[in-house]
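Trainee: What follows is a predicted structure for the sequence shown.
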Amino acid sequence: MNLSDFGKRFSRPSGILQLMEDLGEALAGNGDVLMLGGGNPAHIPEVQLFFQDRLQRIVEHPAEFAHIIGDYDPPRGEKQFLAALADLFNREYGWDIGPGNISLTSGSQAGFFLLFNMFAGEFGGAPRKKILLPMTPEYIGYADIGLVDDMFVAQRPSIETFADRTFKYHVDFDSVTVDDSIGAICVSRPTNPTGNVLTNDEVAKLHGLAQAAGVPFIVDNAYGKPFPNIIFGDASLPWSEQAILCMSLSKLGLPGARTGIIVAREDITNAIARMNAIFNLAMGSFGPALVLDLVRSGEVLRLAENVIRPYYERKARQAVHWFQQALAGVDYYVHKAEGALFLWLWFPNLPIRSEELYARLKSRGVIVVSGHYFFPGLRDEWTHRHECIRVSYAMPDEIVERGIAIIAEEVRKAING
Ligand code: PLP
């Protein structure tokens, strides 16, 4: 096949492709696989029942049903849903935004493709710009999104370790520089893969750096504020002319609805809506239809607070406990579980690389993600990037527990040669 540069760039193997293929194969029914790999949200019974009920009510109203399956929504997204979102933000955070400050995307992944290529890459012959990821490890799904090579520049974090074998990454502000080569700053919060939640202070400093440089500060809230709010401590949501806040319905329990939300200045959301028309014609109607009432009433915040967050918090504590038991005596650290669906394990003296550990675990039917994928834009050869794995704890407890036991066995085998 004689492919264009575009065809070659986006059809080559990538970390996110391997992750999603592993996920798809495991969930397609091979019951022997312990899937601790992808970022699939849990099927939380209360949440499932809620959406089942909502779907039922739609089916019982022929006019609503016909509209949802039979009409294109506008490229910015369904109007009532945008208005309900703007009201929710204004009520909850005291902002003063309107529907024009919001544009939907076909999943937030598609939103990042648009945003990153809007603010980084070629600038009509002027020097190229990059997206600054001020703290790696950072989300695997950003890595291959650029229309040009070297889209990202990233910094190592500083590492704080604790006596109970937990650790936490912090932004190393001494090495973060925002010069003319930076088109935007981006962080995921909570961070996929580590479950780290940048502190309010770190976020305020990064926001300040972006404002001083006049570049957007993109915050990926896929797991965070205001929903699904899988954050186990305190976290504010920054807002200004410079902020671009990305959200998603996926981790609320609706990854199949492919609905991303971008909240930003109107010139930015207008550009996104125009690009949506070119790339997608219209936004999908199902996600907005399923959550409109929840957003209007504010019930979505209570669902996150009372059901979703506690569900994952319990699972996180349980998974950390299982690892602490299973790895007793091994040289390991687990990142503080502050949010999202993952534990991030660090084995400082493992004689094999994380890529090999992934392969050995896969051959034993346990899918994790090798940590080396999560350092997009980091130029220096830091051994740490081959010493970590990401483990999801979203699956049912017995699967997570069996998976953790096998991970510990394989790590011990590798250490003992
Ligand atoms: N951002 C982060 C940090 C993620 O983990 C994911 C998915 O796992 C996404 C964005 C994209 O999610 P979606 O396209 O389903 O909204």
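Mentor: Received the coordinates, thanks.
Trainee: wait, what's in contact with the closest residue in space to residue 131 that isn't next to it in sequence?
Mentor: With CB to CB, 6 or more residues apart in numbering as the criterion, residue 131 has its nearest non-adjacent residue at 4.7 Å, and that residue is residue 120. Where C-beta positions appear, they are placed from N, C-alpha and C, glycine not excepted. Shown in contact with residue 120 (CB atoms under 8 Å, 6 or more residues apart in numbering): 128-131, 146, 151, 183-184.
Trainee: Just put the residues you listed in TSV and tack on secondary structure and distance to residue 219.
Mentor: Listed next are the contacts of residue 120 as TSV, based on DSSP: H, G, I helix; E, B strand; the rest coil; distance: CB to CB, whole Å:
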residue	secondary structure	distance to residue 219
128	strand	24
129	strand	19
130	strand	18
131	strand	13
146	coil	20
151	coil	18
183	strand	16
184	strand	11
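Trainee: Out of those, who's the most crowded?
Mentor: Of those, residue 131 is surrounded by the most neighbours, 28 neighbours in total, counting by other CB atoms under 10 Å.
Trainee: Flag every residue of the stretch 201-350 of the chain that's near the ligand.
Mentor: Applying CB under 6 Å from any ligand atom, one finds that the stretch 201-350 of the chain approaches the ligand through 220, 222, 248, 250, 255, 260.
Trainee: which among the residues you listed gets closest to residue 106?
Mentor: Closest approach to residue 106 among those (CB to CB): residue 260, at 7.0 Å.
Trainee: For the residue lying closest to the closest one once chain neighbours are set aside, grab the count of nearby residues.
Mentor: Leaving aside its sequence neighbours, residue 260 sits nearest to residue 108 (CB to CB, 6+ apart; 3.3 Å). Residues within reach of residue 108, counting by other CB under 10 Å, total 25.
Trainee: same deal with the one 4 residues further on?
Mentor: As a burial measure, the neighbour count of residue 112 was computed by other CB under 10 Å and equals 24.
Trainee: my guess is residue 83 meets residue 99, correct?
Mentor: Yes. Counting by CB atoms under 8 Å, residue 83 touches residue 99, with 4.9 Å between them.
Trainee: neighbour-wise, which of those two wins?
Mentor: Using other CB under 10 Å, the more surrounded residue of residue 83 and residue 99 is residue 99, with 19 against 16.
Trainee: list the contacts for the nearest residue to the more buried one once chain neighbours are set aside?
Mentor: The shortest distance from residue 99 to any non-neighbouring residue, by CB to CB, 6+ apart, is to residue 82 (3.8 Å). Residue 82 makes contact with 76, 99, 102, 104, according to CB under 8 Å, 6+ apart.
Trainee: let's see it at 10 Å
Mentor: Shown in contact with residue 82 (CB atoms under 10 Å, 6 or more residues apart in numbering): 74, 76, 98-104, 261, 269, 288, 295.
Trainee: Can you tell me which of those is nearest residue 136?
Mentor: Closest to residue 136, out of all of these and judged by CB to CB, is residue 261, at 25.4 Å.
Trainee: Figure out the helix or strand that the closest one lives in.
Mentor: Using DSSP states H and E, residue 261 maps to strand 260-263.
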